[in-house]
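**Student:** this is the structure alone, sequence omitted:
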């Protein structure tokens, strides 16, 4: 039951990131938002999610992952109600920001519990990763169905799930609180979140506002780096910085969101704004991709045990690059002949990458640091997602879907190369290969 509960929570986090994609045109029309402003319905969730994850990881290590799990699910549910009731863009973005903070507390709690409750950690992570990858894919399908009723249901649907998770957490996940521990480095979290927010803003605003946002991002980023170097309680513990498999995992999670993780955004806009699909029809168009994500996730656990996570991760990224390159070339064609083959290939690759990157990243991390390590991995994932969405919005304002798909294909190719460097036996100069599972 605990694994089912933790997987359900991860499904919710992934679902809520992608469920608004198909709803974006309806949200923009109802609340009178431009494409640039509507982008922030996604980014207002991703930026605080990324910025406060490291803080959440340290908080989970100190107060107990089970307690944090319950509190975070309650906060997530309350923010979802606020988003569903929002009467203007400002309230909606504030609710999305609160959802992102709640997600930043919930994610490391989930990963910490996975790392401490299960002896077969890699197997548990495989199941959890498969469910999480399915959540991202299911989000766009469910978003299309719910938006036909009202985009507000894409928020209200979270409420019963959060109630179930909170009650289940009280019943099965509470453990005695850790004793003592270092203070929680909130200043570092605020500096990191501010730097991420300013960086995304710099990709949103033109002219002087762009320059100002870029300067603020650099200054806050420098402050964050200084904090990490000088603080007695850095957000990223020194012990984690020495783990090579975790460093490779961090790069992989970033490139995952810059490739197949961002594919949903581009395909949604292609279908609804360019081809005039209704939200429901767009959601149904994602069904083949969603099905293949589930299949890819299901086979990855066994493949990782046989071939090792670096090899599976590299193969997944290479397959993703091929599928995205197909979309870049043939997205202008019909759905069956142009889009569908690319969606099938990238869907399968998506499931492979999502599961393998977390198995590799957490592989060599001691149980005591599982929450913090999970936070590091997911910080990279969602920060890259926010930056990528901003970049793709700039590209898509000119209507260049081919270039948008091409950029995501390039990110996937880079992921394949980075994962190759972690395959046992691959030892280029200056790179030390990680050990096999």
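**Tutor:** Okay, I see it. Treat the numbers as computed from the prediction; the structure is a model and nothing was measured.
**Student:** give me the neighbour count for residue 219.
**Tutor:** Burial measure for residue 219: 14 neighbouring residues, criterion other CB atoms under 10 Å. Placement of C-beta: from N, CA and C, glycine included.
**Student:** ok, and what's touching the helix or strand containing it?
**Tutor:** Per DSSP states H and E, residue 219 falls inside helix 207-230. If you take CB atoms under 8 Å, 6 or more residues apart in numbering as the criterion, helix 207-230 is touched by 185, 187-188, 191-192, 194-195, 198-199, 201-205, 234-236.
**Student:** same thing with stretch 88-99?
**Tutor:** Residues outside stretch 88-99 that contact it (CB under 8 Å, 6+ apart): 16, 27, 31-33, 37, 40-41, 44-45, 47-48, 75-76, 78-80, 82-83, 85-86, 155.
**Student:** please redo it, this time with the cut-off set to 6 Å
**Tutor:** For stretch 88-99, contacts defined as CB atoms under 6 Å, 6 or more residues apart in numbering pick out 31, 33, 40, 44-45, 48, 79, 82-83, 86.
**Student:** what is the mean pLDDT for it?
**Tutor:** Mean pLDDT, stretch 88-99: 95.
**Student:** farthest-separated two in the contacts of stretch 88-99?
**Tutor:** Farthest pair in these (CB to CB) is 31 and 48. Separation: 20.2 Å.
**Student:** and the two? Which one has more around it.
**Tutor:** Neighbour count, other CB under 10 Å: between residue 31 and residue 48, residue 48 has more, with 25 against 19.
**Student:** what score does that one have for pLDDT?
**Tutor:** 86.
**Student:** excluding residues flanking it in the chain, which one is nearest it?
**Tutor:** residue 100 (3.5 Å; CB to CB, 6 or more residues apart in numbering).
**Student:** now the one you found: how far from residue 270?
**Tutor:** Residue 100 sits 26 Å away from residue 270, going by CB to CB, to the nearest Å.
**Student:** which of the two has more residues huddled nearby?
**Tutor:** The residue with more neighbours, out of residue 100 and residue 270, is residue 100; 27 against 22, by other CB under 10 Å.
**Student:** distance from the chain centre to the helix or strand that one falls within, please.
**Tutor:** Using DSSP H and E, residue 100 sits within helix 89-117. Centre-to-centre, helix 89-117 and its host chain are 11 Å apart (CA atoms, centre = their mean, to the nearest Å).
**Student:** for that helix, buried residues please.
**Tutor:** 89, 92-93, 95-115, 117 (16 or more other CB atoms under 10 Å).
**Student:** any idea which element residue 410 lies in?
**Tutor:** helix 401-420.
**Student:** give me the contacts around that helix.
**Tutor:** 251-252, 255, 258-259, 262-263, 266, 270, 310, 313-314, 317-318, 320-321, 324-325, 327-328, 331, 392, 395-396, 426.
**Student:** what is the burial count for residue 397?
**Tutor:** Per other CB under 10 Å, the neighbour tally for residue 397 reads 11.
**Student:** next one: the residue nearest to residue 350 when sequence neighbours are not counted from residue 388, what distance?
**Tutor:** Distances taken as CB to CB, 6+ apart put residue 260 closest to residue 350, at 4.3 Å, once the chain neighbours are dropped. According to CB to CB, residue 260 stands 11 Å off from residue 388.
**Student:** who has more neighbours out of those two?
**Tutor:** A side-by-side neighbour count of residue 260 and residue 388, using other CB under 10 Å, places residue 260 first with 34 against 26.
**Student:** ok, back up a step: so the residue nearest to residue 350 sits right up against residue 346, yeah?
**Tutor:** Yes - judged on CB atoms under 6 Å, residue 260 makes contact with residue 346 at a distance of 5.3 Å.
**Student:** what's the overlap in contacts for the two?
**Tutor:** With CB under 6 Å, 6+ apart, residue 260 and residue 346 have common neighbours residue 320.
**Student:** could you check how far the closest residue to residue 259 other than its chain neighbours is from residue 62?
**Tutor:** Nearest non-adjacent residue to residue 259, counting by CB to CB, 6+ apart: residue 412, 3.7 Å away. For residue 412, the distance to residue 62 equals 37 Å [CB to CB].
**Student:** remind me what the host helix or strand of residue 387 packs against, helices and strands.
**Tutor:** Following DSSP H and E, one finds residue 387 within helix 370-396. Applying 3 or more CB pairs under 6 Å, 6 or more residues apart in numbering; DSSP states H and E, one finds that helix 370-396 makes contact with helix 35-63, helix 89-117, helix 186-202, helix 244-257, helix 260-269, helix 401-420.
**Student:** next SSE after the second one?
**Tutor:** This points to helix 89-117. Next along the chain after helix 89-117, taking DSSP H and E as the criterion, comes helix 121-149.
**Student:** okay, the angle between that next one and helix 244-257?
**Tutor:** 20 degrees (axes from the mean of the first three to the mean of the last three CA atoms, to 10 degrees).
**Student:** so what angle separates the directions of helix 121-149 and helix 260-269?
**Tutor:** 10 degrees.
**Student:** look at the nearest residue to residue 266 once chain neighbours are set aside and report its pLDDT.
**Tutor:** Nearest residue to residue 266, sequence neighbours excluded (CB to CB, 6+ apart): residue 404, at 4.8 Å. We have a pLDDT of 95 for residue 404.
**Student:** do the same with residue 120
**Tutor:** 67.
**Student:** could you list the domains of the protein?
**Tutor:** 2-185+233-420, 186-232 (automatic domain parsing).
**Student:** quick check: which of those domains is buried the most?
**Tutor:** Comparing the domains of the chain by mean neighbour count (mean count of other CB atoms under 10 Å), domain 2-185+233-420 ranks first with a mean of 22.
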